[in-house]
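Student: No letters, just coordinates:
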């Protein structure tokens, strides 16, 4: 095992973790916006403040 190989492996792992975190964050925001939109459509306009 060479040091450069280990460093490359760590860099790839951290990039994968970063990409997965961004993906989960994006999916979370999309899900929250969909839920809020459906909720605001379900609630009549008079009750919403």
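Tutor: Arrived safely, thanks for sending. No experiment lies behind these values; they were computed from the predicted model shown.

Student: What pLDDT is listed against the most centrally placed residue in the chain?
Tutor: The centroid of the chain falls nearest to residue 25 when counting by CA atoms, centre = their mean (1.5 Å). Here the pLDDT value assigned to residue 25 is 97.

Student: So which residues of the protein form helices?
Tutor: Using DSSP state H, the helices of the chain run over 3-42.

Student: Where does pLDDT dip in it?
Tutor: 44-49 (pLDDT under 70).

Student: how close does residue 5 sit to residue 15?
Tutor: 16 Å (CB to CB, to the nearest Å). Yep, even glycine has a C-beta here, placed from its N, CA and C like the rest.

Student: Oops, could you answer that again for residue 32 instead?
Tutor: 26 Å.

Student: same question, residue 2
Tutor: For residue 2 relative to residue 15 (CB to CB), the value is 20 Å.

Student: Give me the more crowded residue out of these two.
Tutor: residue 15 (10 against 7; other CB atoms under 10 Å).

Student: got the contact list for the more buried one?
Tutor: By CB atoms under 8 Å, 6 or more residues apart in numbering, the contact list for residue 15 is empty.

Student: returning to what we had before: distance of the residue nearest to the centre of the chain from residue 7?
Tutor: 27 Å.

Student: Could you do residue 15 as well?
Tutor: 13 Å.

Student: same deal with residue 31?
Tutor: 36 Å.
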